[in-house]
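Asks: Here is a sequence together with a model predicted from it:
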Number of protein chains: 2
Amino acid sequence: MTRLIKSENSAISAHESAGRERAAIATALSDWGESTGDEAISDISDKLGVMLAEIGEQEDIFAQNLEDSRGVLKQIRNMEASVQPSRDQRQKITDEIAKLKYKDPTNTRLVTLEHELVRAEAQNLVAEAQLSNTTRTKLKEAYDIHTAAVIERAEKQILLARHARRLLTLIDDSPVVPGDTRPAYDSEEAARQVLEDAENDLRSWEPSVEPIDVESVATGRSGVKVGNAVPSSSKQLEEPAE
Amino acid sequence: MTRLIKSENSAISAHESAGRERAAIATALSDWGESTGDEAISDISDKLGVMLAEIGEQEDIFAQNLEDSRGVLKQIRNMEASVQPSRDQRQKITDEIAKLKYKDPTNTRLVTLEHELVRAEAQNLVAEAQLSNTTRTKLKEAYDIHTAAVIERAEKQILLARHARRLLTLIDDSPVVPGDTRPAYDSEEAARQVLEDAENDLRSWEPSVEPIDVESVATGRSGVKVGNAVPSSSKQLEEPAE
């Protein structure tokens, strides 16, 4: 889990960096367009830059959502870490009992140890149930957020890229012969409309995914059903089996 | 343009790196799932890993498409670089004429220089037309590829993420109480079906975008209409104006 969380972190950095670089592309494109001294190229490349910057912005929002998903994975890691001592404790007592039984089978400490083992096993059973519940719930939750973020980024970037393509069609690239001047650029209004349409579409975007049903209502912070902290099924362990 | 090409290169690296990191996530997730010793978590996280790896693969294909787009931008840069000497040459002759007219207006070299200027201007007119045609055509072409790649990645990742979400619903996360065992995992077949559906969808994916109409049929390698290499409109320049 630690390695997974680390990989997620590297992926998040890569997407953040992609977002930043896309913003740099937008600026470079707009600056270059202006430097050509060509009104049409200047206007379209400037507006195309705006669209590419917004595509980069979505990359950045995506990275933030992945960070949220990663935070949920950390809850699994923390639970894994907190369960380990209870496993170790149970194992330690089991080992001690085995050793004593071999060395000094009539030692009265055996009775005490067996009572301790029962308590350790009960504690471990709770811990394992907490781990199982947390693992399943949080794994679903983490990748619910992760995959929903993939879809959100994708849907918004499709929307932006489609409008960007409309801008490209406004570039008149019919070949000119040397000495001829091109017809005056008259798509400024149309280009502005594309930006406006894109903004409106982005504003009215709504998630298309249904949230994944995750059990959480009846569970407390521990990941075990509230009211069941003393498990009925561990009653058999209230007395040493042996 | 050089700066734009550089920014594009950095963005490409970032997406490549994101693709690699997503593959690492897939492996880490699958390994972790196996280490839990929980059949359900192991199976689902393994298959979820396959889907996330495929999402990463799409990120990598995206980077390759951006590289193609970048290659087209380089054609603009090269044309810009090749036009500059013709601008310099014209300017140099113009300056020389001005200097001579001031210093020695009757010098016979002036006639020679003015003939040279006519030739330089004709050459420059061709170069500027080539630049204008190349800039417009290649800008459209480069961002046609670029935006189509954004859409392709997005559509394929949506498809994969939606199937990944189906996998998540197969995780039974109803809370267990300590000591209880979960019902046996029986969604292996369903999970396998999700992978198969995703593969089929990916295979049958087709581009949804119409290619952007780019002028290229009637133009030669030079970016100027074939058959117009000697421009009619530059005839006025066949004799020195002054």
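Replies: Okay, I see it. Every value quoted in this text rests on a predicted model; they were computed, and no experiment measured them. Residues are numbered from 1 along each chain as shown, chains lettered A, B, ... in the order given.
Asks: any idea where the strands of chain A begin and end?
Replies: In chain A, no strands are defined using DSSP state E.
Asks: which stretches of it have low pLDDT?
Replies: Scanning chain A for pLDDT under 70 picks out A:216-242.
Asks: Show me which helix runs longest in it.
Replies: helix A:39-103 (DSSP state H).
Asks: So that helix, near chain B or not?
Replies: Yes - using Cβ under 8 Å from any Cβ of the partner chain, helix A:39-103 reaches chain B at A:Ala40, A:Ile41, A:Ile44, A:Ser45, A:Leu48, A:Ile55. Placement of C-beta: from N, CA and C, glycine included.
Asks: quick check, nearest of those residues to A:Asp197?
Replies: A:Leu48 (14.3 Å; Cβ to Cβ).
Asks: check contacts around that closest one.
Replies: A:Leu29, A:Ala164, A:Leu167, A:Leu168, B:Tyr143 (Cβ atoms under 8 Å, 6 or more residues apart in numbering or on different chains).
Asks: now, which of those lie within helices?
Replies: Reading helices off those with DSSP H, I get A:Leu29, A:Ala164, A:Leu167, A:Leu168, B:Tyr143.
Asks: May I see those arranged in JSON lines, with distance to A:Val118 and neighbour count as well?
Replies: Below are the ones in helices among the contacts of A:Leu48 laid out as JSON lines (distance: Cβ to Cβ, whole Å; neighbours: other Cβ atoms under 10 Å in any protein chain shown):
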{"residue": "A:Leu29", "distance to A:Val118": "71", "neighbour count": "28"}
{"residue": "A:Ala164", "distance to A:Val118": "68", "neighbour count": "26"}
{"residue": "A:Leu167", "distance to A:Val118": "73", "neighbour count": "25"}
{"residue": "A:Leu168", "distance to A:Val118": "74", "neighbour count": "21"}
{"residue": "B:Tyr143", "distance to A:Val118": "71", "neighbour count": "27"}
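Asks: Find the pair from the residues you listed with maximum spatial separation.
Replies: So, those by Cβ to Cβ: farthest apart are A:Leu29 and A:Leu168, at 12.2 Å.
Asks: Could you check how far stretch A:64-80 is from the centre of its chain?
Replies: On the basis of Cα atoms, centre = their mean, to the nearest Å, stretch A:64-80 sits 8 Å off its chain's mean C-alpha point.
Asks: try stretch A:155-164
Replies: 22 Å.
Asks: CA atoms only for it - export them in CSV, please.
Replies: The C-alpha trace of stretch A:155-164 is given here as CSV (Å, rounded to 0.1, in the frame of the first residue of the first chain):
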residue,chain,number,x,y,z
GLU,A,155,-15.4,15.0,-20.7
LYS,A,156,-14.3,18.6,-20.1
GLN,A,157,-11.3,18.3,-22.3
ILE,A,158,-13.4,16.8,-25.2
LEU,A,159,-15.7,19.8,-24.9
LEU,A,160,-12.8,22.2,-25.0
ALA,A,161,-11.0,20.4,-27.8
ARG,A,162,-14.1,20.4,-30.0
HIS,A,163,-14.5,24.1,-29.6
ALA,A,164,-10.7,24.5,-30.3
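Asks: Go ahead and name everything in contact with it.
Replies: Residues contacting stretch A:155-164 (Cβ under 8 Å, 6+ apart): A:48, A:51-52, A:54-55, A:58, A:194-195, A:197-198, A:201-202, A:205, A:208, B:143, B:147-148, B:150-151, B:153-155, B:158, B:209.
Asks: go again using 7 Å as the cut-off
Replies: Applying Cβ atoms under 7 Å, 6 or more residues apart in numbering or on different chains, the external contacts of stretch A:155-164 come out as A:48, A:51, A:54-55, A:58, A:194, A:197-198, A:201-202, A:205, A:208, B:143, B:147, B:150-151, B:154-155, B:158.
Asks: Repeat that for stretch A:29-42.
Replies: Residues contacting stretch A:29-42 (Cβ under 7 Å, 6+ apart): A:45-46, A:48-49, A:52, A:171-172, A:185, B:1, B:4, B:135-136, B:139.
Asks: Buried residues, that stretch. List them.
Replies: A:Leu29, A:Ser30, A:Asp31, A:Trp32, A:Gly33, A:Thr36, A:Asp38, A:Ala40, A:Ile41, A:Ser42 (16 or more other Cβ atoms under 10 Å in any protein chain shown).
Asks: re the thing from before, which among the contacts of stretch A:155-164 end up buried?
Replies: A:48, A:51, A:54-55, A:58, A:194, A:198, B:143, B:147, B:150-151, B:154-155, B:158.
Asks: which residues does A:Glu21 contact?
Replies: So A:Glu21 contacts B:Ser7, B:Ser10, B:Ala11, B:Ala14 (Cβ under 7 Å, 6+ apart).
Asks: next one: A:Ile12
Replies: A:Ala63, A:Leu66, A:Glu67, A:Arg70 are the contacts of A:Ile12 under Cβ under 7 Å, 6+ apart.
Asks: about what we covered before: would TSV of the contacts of A:Leu48 with distance to B:Gln91 be doable?
Replies: Converted to TSV, the contacts of A:Leu48 look like this (distance: Cβ to Cβ, whole Å):
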residue	distance to B:Gln91
A:Leu29	28
A:Ala164	37
A:Leu167	34
A:Leu168	33
B:Tyr143	32
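Asks: sorry, back to before: show me which pair in the contacts of A:Glu21 is furthest apart.
Replies: Going by Cβ to Cβ, the pair spanning the contacts of A:Glu21 furthest: B:Ser7 and B:Ala14, at 10.6 Å.
Asks: Who's the closest spatial neighbour of A:Leu195, skipping the chain neighbours?
Replies: Distance criterion Cβ to Cβ, 6 or more residues apart in numbering or on different chains; nearest residue to A:Leu195, sequence neighbours excluded, is A:Lys47 at 5.7 Å.
Asks: With distance to B:Gln89 as new columns, can the contacts of stretch A:29-42 be given to me in TSV?
Replies: What follows is those, written out as TSV (distance: Cβ to Cβ, whole Å):
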residue	distance to B:Gln89
A:Ser45	28
A:Asp46	31
A:Leu48	33
A:Gly49	33
A:Leu52	36
A:Ile171	29
A:Asp172	29
A:Tyr185	29
B:Met1	21
B:Leu4	27
B:Thr135	21
B:Arg136	24
B:Leu139	26
